[in-house]
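**Student:** sequence first, predicted coordinates after that:
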Amino acid sequence: MSTSRPTGSVDVDEGLAEAMARLAATPRLLVALDFDGTVSPLVDNPRDSRVLPAARAALNELERMPDTWIAFVSGRPLAGLARVTEADDEALLIASHGVEVRLTGGAVDVGLTEEESARLEALAAELERIVNATPGSKLERKPVGLGLHTRGVPSEQARAADRASREAASSLGGGFLERAGKDILEFAVRDATKGDGVQRLREHVGATAVLYAGDDVTDEDAFAALHQGDVGVKVGPGETKAGHRVSDPDAVAALLARLAVARAER
């Protein structure tokens, strides 16, 4: 695996530099990005997250180029993702880990059954009880699931809340799709991944190559869905299927700026 310098500068190792040069030359380029921890630093209040100015400038440059598309791929619900990314009506968004898809203004209706809705409501009641007993934790309702946020909660209490949540889901008969991310534990009644979202985007724009960058364990599904000629960039530490790594969102912003320059010069 290639590893970039940890400074967040525009300098990258030779392997990643060559990969970005190939991407810049591809006929139809899709730049698909996780949001939190990738183009926006992780913050205590997720509603305060925004794209770093340097990343926004580079993305604006890329978006203005012909045959180049920008997309955000996130576990956030669609409405929340559109708000924090400040996306316009034409922006490509994959939300709720691939369950919600917005392609040039249209969203896929998730259409939960009565049974699925009832199961979610029953689990929500149990998770609300856990949140009330765990100061600093938060419950997020998603279109097909629930997320228990423990960012800022002491580690021992966070682990206890996660255990209690898993026990609650099991007591309701199980069958929930469970995902653990950075300071979040999610339960869903529909199976979809970021990899599904990337494939949907690829087909929609007819991309000949894809750049995908992400920092969380849920981004591994997207890295696994990449094709030969695509470029996967892991942000930060941790095991990964991505072929390359950068240190933090500042480094992602620098990488996007490098890509924008190279694509403008092709």
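**Tutor:** That came in fine, so what should we check first? Numbers count the residues shown, from 1 in each chain.

**Student:** and for Arg245, the neighbour number?
**Tutor:** 21 (other CB atoms under 10 Å). In short, each C-beta sits where N, CA and C put it, glycine included.

**Student:** ok so it is a helix residue?
**Tutor:** No. Arg245 is assigned strand when assessed by DSSP: H, G, I helix; E, B strand; the rest coil, not a helix.

**Student:** just checking, it touches Gly232?
**Tutor:** No. Taking contacts as CB atoms under 8 Å, Arg245 lies outside contact range of Gly232: 9.5 Å.

**Student:** strands of the stretch 101-250 of the chain, start to end?
**Tutor:** Under the criterion DSSP state E, counting those that start in this stretch, strands of the stretch 101-250 of the chain are mapped to 106-107, 138-142, 145-149, 177-181, 184-188, 209-214, 231-235, 244-246.

**Student:** show me what the fourth one is packed up against.
**Tutor:** Put plainly, it is strand 177-181. Contact here means 3 or more CB pairs under 8 Å, 6 or more residues apart in numbering; DSSP states H and E; on that basis strand 177-181 packs against helix 155-171, strand 184-188.

**Student:** report the contact partners of Gly136.
**Tutor:** Taking CB atoms under 8 Å, 6 or more residues apart in numbering, we find Gly136 in contact with 150, 152-153, 157.

**Student:** just Gly229 next, same as before
**Tutor:** 22, 26, 208-209.

**Student:** now the residues you listed: which count as buried?
**Tutor:** Buried members of these, scored by 16 or more other CB atoms under 10 Å, are 26, 208-209.

**Student:** tell me the one among these nearest to Ala225.
**Tutor:** Ala209 (13.5 Å; CB to CB).

**Student:** hmm, that closest one is touching Gln228, no?
**Tutor:** No. Using CB under 8 Å, Ala209 makes no contact with Gln228, being 9.5 Å away.

**Student:** where does pLDDT dip in the stretch 101-250 of the chain?
**Tutor:** 105, 107-109, 111 (pLDDT under 70).

**Student:** domains for this structure, by residue range?
**Tutor:** 14-109+193-264, 115-188 (automatic domain parsing).

**Student:** end to end, how far does the last one reach?
**Tutor:** In terms of CA to CA, to the nearest Å, the two terminal residues of domain 115-188 are separated by 13 Å.

**Student:** rewinding a little: tabulate the contacts of Gly136 in a markdown table, adding columns for neighbour count and distance to Arg163.
**Tutor:** Formatted as a markdown table, the contacts of Gly136 follow (neighbours: other CB atoms under 10 Å; distance: CB to CB, whole Å):
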| residue | neighbour count | distance to Arg163 |
| --- | --- | --- |
| Thr150 | 23 | 12 |
| Gly152 | 13 | 19 |
| Val153 | 19 | 13 |
| Gln157 | 15 | 11 |
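
**Student:** who's in contact with Val189?
**Tutor:** 112, 116, 119-120, 144-145, 175-177.

**Student:** that one and Gly181, how far apart?
**Tutor:** 18 Å (CB to CB, to the nearest Å).

**Student:** picking up where we left off before, highest average neighbour count across the domains of the chain?
**Tutor:** Among those, ranked by average contacts under mean count of other CB atoms under 10 Å, first place goes to domain 14-109+193-264 (a mean of 20).

**Student:** gap between it and the chain center?
**Tutor:** Taking CA atoms, centre = their mean, to the nearest Å, the mean C-alpha location of domain 14-109+193-264 is offset from the chain mean by 8 Å.

**Student:** packing partners for the longest helix along the chain?
**Tutor:** Longest helix in the chain by number of residues (criterion: DSSP state H): helix 114-132. On a contact count with 3+ CB pairs under 8 Å, 6+ apart, helix 114-132 meets strand 138-142, strand 145-149, helix 155-171.

**Student:** follow-up on the earlier one: can you tell me which of the buried ones among the contacts of Gly229 is closest to Glu100?
**Tutor:** Ala209 (24.9 Å).

**Student:** nearest residue to the closest one other than its sequence neighbours?
**Tutor:** Thr26 (3.8 Å; CB to CB, 6 or more residues apart in numbering).

**Student:** is it true that the one you found touches Val205?
**Tutor:** No. Counting by CB under 8 Å, Thr26 stays clear of Val205, with 11.8 Å between them.

**Student:** kind regards, and thank you for your time.
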